[in-house]
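Enquirer: My questions concern the predicted model and sequence given below.
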Amino acid sequence: MNTKILLNERPDGEPTLENFKTVKEKIRSPKEGEVLLKTIYMSLDPYMRGRMNDTKSYAKPVAIGEEMEAGALSQVIESKSKNFKVGDFVEGRTGWQDNPTVDEKKLRIIDPNMAPLSTSIGVLGMPGTTAYVGMHNFAKPQRGETLVVSAASGAVGSTVGQIGKIYGCKVIGVAGTNEKCEFTKSELGFDECINYKDDDFKDQLKSACPDGVDIYWENVGGITFDTVMPLLNDYARIPVCGLISLYNATSMPGGEKDRLPLLFRQVLTKRMMIKGFIVFNHYDQREESIIALSNWIKEGKIKYKEDFVDGLENAPNAFIGLLNGKNFGKLVVRVNHDPTI
């Protein structure tokens, strides 16, 4: 049987377990050009919350009764494809299910000797490519500049900060616990990391950035952006990767406090660049990013942390926790045993 987790109903604010439904269906044998997979690792990412809403966005929402979307690392167990054979490891957007049958065009081959398989949906997958593309294409870091990274211990933020250090930036992280802040400094080499829940967060961030902020990597929104905004230098760049603080909001936070006029005055007078981007539009750079990141990992310039949850059935709870910052590192669901370990 193939176990699938479907979108049962659309959430109103923060998702609940009632928004998901688990079903079992008979495994479908592959047709020509298809493969049957066994999911080993499945990625959980903040963007999935947006797919649960029936609103116009950069991607089609998940339909009611359809399996939740996700990238996953799987092993081929039956093949009618000329490109993949039984035993191959592959990565693709195969959804919240444990034995999917999918079109070969959705998949890319993964070399198990290159790195641990789980990294193909983390630092050497979509999150890593996101960090690489955003820094390379839009942030354009220069030696001596100050980079502030929100959600600094997460899959994207941790890689962004380490790329910043490779390019000679002073890197300041922002995270939600003292443990996460300590990790980004002691393990990832950030110059400083500040807990945004501290009462004196604004004073701490200002003190950590005496020369202002040249690059602000936006993963969160909310208080972090409000605190960074007056510190932005002329020609500052703001790659907008995510706004997780708003994903569960049913109305705009702050009520009538409209900061847009102030923001756009600063954009004009400081000649800043704010660029929203979606990594799927830049997958022509995926191989480039994987080669660069894997080399940096081998050289010890980039480290990564993964947060494993066992069992597909635990994905909904883990996802809800992700949106509340309960994960520590790249959140990965271990659906089946990894045969390479």
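Expert: Noted; the coordinates are in hand. Numbers count the residues shown, from 1 in each chain.
Enquirer: in the chain, which spans are helices?
Expert: Applying DSSP state H to the chain gives helices spanning 47-51, 126-133, 155-166, 178-186, 201-208, 223-228, 260-269, 286-298, 315-322.
Enquirer: Would you mind saying which of those lies nearest A115?
Expert: Of all these, it is helix 286-298 that lies closest to A115, at 6.3 Å by CB to CB. Placement of C-beta: from N, CA and C, glycine included.
Enquirer: which outside residues touch that closest one?
Expert: Counting contacts by CB atoms under 8 Å, 6 or more residues apart in numbering, the residues outside helix 286-298 that touch it are 114-115, 123-124, 128-129, 132-133, 136, 159, 162-163, 166, 302-304.
Enquirer: out of the helices of the chain, nearest to F328?
Expert: helix 178-186 (6.3 Å).
Enquirer: Packing partners of the closest one?
Expert: strand 170-175, strand 192-195 (3 or more CB pairs under 8 Å, 6 or more residues apart in numbering; DSSP states H and E).
Enquirer: Convert it to PDB, retaining C-alpha atoms only.
Expert: Once non-C-alpha atoms are left out, helix 178-186 reads as follows in PDB (Å, rounded to 0.1, in the frame of the first residue of the first chain):
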ATOM      1  CA  ASN A 178      19.900  31.200  22.800                       C
ATOM      2  CA  GLU A 179      20.800  27.600  21.800                       C
ATOM      3  CA  LYS A 180      20.300  28.500  18.100                       C
ATOM      4  CA  CYS A 181      22.300  31.700  18.400                       C
ATOM      5  CA  GLU A 182      25.200  29.900  20.100                       C
ATOM      6  CA  PHE A 183      25.200  27.200  17.400                       C
ATOM      7  CA  THR A 184      25.500  29.800  14.600                       C
ATOM      8  CA  LYS A 185      28.400  31.400  16.300                       C
ATOM      9  CA  SER A 186      30.400  28.400  17.600                       C
END
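Enquirer: For the stretch 51-200 of the chain, give me the ranges with low pLDDT.
Expert: Low-confidence segments of the stretch 51-200 of the chain (pLDDT under 70): none present.
Enquirer: the strands in it, which residues?
Expert: Using DSSP state E, counting those that start in this stretch, the strands of the stretch 51-200 of the chain run over 72-79, 89-92, 101-103, 107-109, 146-150, 170-175, 192-195.
Enquirer: Chain neighbours aside, what residue packs nearest to A59?
Expert: R51 (6.6 Å; CB to CB, 6 or more residues apart in numbering).
Enquirer: That neighbour contacts E67, correct?
Expert: No. Using CB atoms under 8 Å, R51 makes no contact with E67, being 11.2 Å away.
Enquirer: just to revisit the earlier point, please identify the deepest-packed of the helices and strands packed on helix 178-186.
Expert: Ranked by average neighbour count under the criterion mean count of other CB atoms under 10 Å, the helices and strands packed on helix 178-186 are headed by strand 170-175 at a mean of 28.
Enquirer: Centroid-nearest residue for the protein?
Expert: The centre of the chain sits closest to P127, judged by CA atoms, centre = their mean, with a distance of 4.6 Å.
Enquirer: Test my guess that that one contacts V160.
Expert: No. Proximity of P127 to V160 does not meet the contact threshold set by CB under 8 Å, at 9.8 Å.
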